[in-house]
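Q: Attaching a predicted model along with its sequence, questions to come.
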Amino acid sequence: MTGFITRFAPSPTGRLHLGHAFSALTAFDAARVAGGVCLLRIEDIDQTRCTPDFEAAIFEDLTWLGLDWPQPVRRQSDHFPEYARALERLARAGLVYRCFKTRKEIAEEIGRAPHHPGEGPEGVVYPGPDRPLSEAEEADRLARGDVFAWRLSLKACREALGARYDALVFTEEGEGPEGEHGDIIARPDLLGDVILARKDVGTSYHMACVHDDALQGVTRVIRGQDLYFATHLHRLLQALLDLPVPVWRHHRLLTDETGRRFAKRDRSLTLEALREAGMTPDAIRARVGHG
């Protein structure tokens, strides 16, 4: 099997747009140049927003662009038990905890903290609870059916890994938002105690992504700079779960004339709309710089 395996992993929550085309072509072209493989993965753990129609549209748009991929395509919603087993492994090691706090309660708690880390690259950094729930308190809340999220305890991770925690490194072949490149020390504290699963959704993007990249033998993670900081957390999860470590290649984000990132709300720039307006796959490639 080839030594270069990457993937394009969209979520079927809307039609693909020019930004998606740029990301897909970046990954598929990199695999072609390297004599490797680009997989297609459907990241549809959000069952309230993901639809079969949008999934079918992904296949339609990518095929129209002239792309093809190995079969079968991995659909994350078919594999919740696998992610649950990975979470259970972390739970047995005491690395995750149930968090029953609402966003309002977390904001209030943060407001009371004199030395709170503040905003991080992905929003407010939650450093963990003032004090852990006792077993009795947790049992009582579970008995009441209270909503909770499973959060990764960075404090517990640091204790478990010891000196390794501050020595985790990932290799960036592309470029981060501030020009980051080369071997980079992972800093998961930038994100705080992130959510790895919820009571009603048994996994998160972070958990499913790391699990699937390892399972599918991905050697290069090629994705947009908007996901660069998630790499710091993903490197930690790989260490905790004894998973292989790929090389990352983050690419620039396509923007419109105002400097705003393309988004699924920009319906006039979906591949469907552009196709109906008469644009060809070659014209799309030229427009996004892959001509």
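A: Looks like it came in fine. Numbering: from 1, shown residues only.
Q: which residues in this structure form helices?
A: Listed in chain order, the helices of the chain (DSSP state H) span 18-34, 52-64, 80-92, 103-112, 135-144, 154-161, 205-215, 230-240, 271-276, 281-287.
Q: Of those, which is nearest Glu180?
A: helix 230-240 (9.5 Å; Cβ to Cβ). In short, each C-beta sits where N, CA and C put it, glycine included.
Q: Where does the prediction get shaky in the protein?
A: Residue ranges of the chain with pLDDT under 70: 1-2, 113-123, 259, 263-268, 291.
Q: re the thing from before, Gly128 is nearest to which of the helices of the chain?
A: helix 154-161 (6.0 Å).
Q: Run the angle between that closest one and helix 80-92 for me.
A: Orientation check (axes from the mean of the first three to the mean of the last three Cα atoms, to 10 degrees): helix 154-161 against helix 80-92 gives 80 degrees.
Q: Give me the buried stretch members for helix 154-161, please.
A: Leu154, Ala156, Cys157, Arg158, Ala160, Leu161 (16 or more other Cβ atoms under 10 Å).
Q: Run through the residues that contact the nearest residue to Leu227 once chain neighbours are set aside.
A: Of all residues not flanking Leu227 in the chain, His250 sits nearest, at 7.1 Å (Cβ to Cβ, 6 or more residues apart in numbering). By Cβ atoms under 8 Å, 6 or more residues apart in numbering, the contact set of His250 is Glu172, Gly174, Glu175, Gly176, Ile222, Arg223, Gly224, Gln225, Leu227, Tyr228, Thr231.
Q: swap in Cys157?
A: Leu95, Tyr165, Pro188, Leu236, Leu240.
Q: Same question for Ala30.
A: Phe4, Thr6, Gly36, Cys38, Arg220, Ile222, Arg249.
Q: how far away is it from Ala24?
A: The gap separating Ala30 from Ala24 is 11 Å, by Cβ to Cβ, to the nearest Å.
Q: again, but for Ile284
A: Where Ala24 is concerned, Ile284 sits at a distance of 10 Å (Cβ to Cβ).
Q: just Leu254 next, same as before
A: Relative to Ala24, and taking Cβ to Cβ, Leu254 is found at 12 Å.
Q: go on, Pro177?
A: Pro177 is 21 Å from Ala24, by Cβ to Cβ.
Q: I figured Phe8 was touching Leu25, is that so?
A: No - here Phe8 does not reach Leu25: they are 9.1 Å apart, not a contact under Cβ atoms under 8 Å.
Q: before we move on, the earlier item: out of the helices of the chain, flag the one nearest Asp193.
A: Asp193 sits nearest to helix 154-161 of all those, at 5.8 Å, using Cβ to Cβ.
Q: The residue nearest to Leu227 bridge partners, please.
A: Arg223 (DSSP bridges).
Q: Who's the closest spatial neighbour of Leu67, skipping the chain neighbours?
A: Residue nearest to Leu67 in three dimensions, not counting chain neighbours: Phe28, with 5.2 Å by Cβ to Cβ, 6+ apart.
Q: My error: substitute Leu274 in the last question.
A: Ile284 (6.7 Å).
Q: Wait, that neighbour touches Leu65, no?
A: Yes - the criterion here is Cβ under 8 Å, and Ile284 meets it with Leu65 at 6.6 Å.
Q: Need the overlap of contacts for the two.
A: With Cβ under 8 Å, 6+ apart, Ile284 and Leu65 have common neighbours Ala21, Leu271.
Q: residue furthest from the geometric center of this protein?
A: The C-alpha centroid of the chain is most remote from Ala136, which lies 34.3 Å away (Cα atoms, centre = their mean).
Q: picking up where we left off before, counting neighbours, what do you get for the residue nearest to Leu67?
A: Here the number of neighbours of Phe28 (other Cβ atoms under 10 Å) works out to 24.
Q: and if you look at the one 3 residues further on?
A: The tally of other residues near Ala31 (other Cβ under 10 Å) stands at 22.
Q: go on, the one 5 residues further on?
A: With neighbours defined by other Cβ under 10 Å, the count for Gly36 comes to 16.
Q: which ones are touching it?
A: Counted by Cβ under 8 Å, 6+ apart, Gly36 has contacts Thr2, Gly3, Phe4, Ile5, Thr6, Ala30, Thr219, Arg220.
Q: Of these, which pair is most distant in space?
A: The span of the contacts of Gly36, defined through Cβ to Cβ, is set by Gly3 and Ala30 at 13.2 Å.
Q: pretty sure Leu274 contacts Arg285?
A: No - in terms of Cβ under 8 Å, Leu274 does not count as a neighbour of Arg285; the distance is 12.0 Å.
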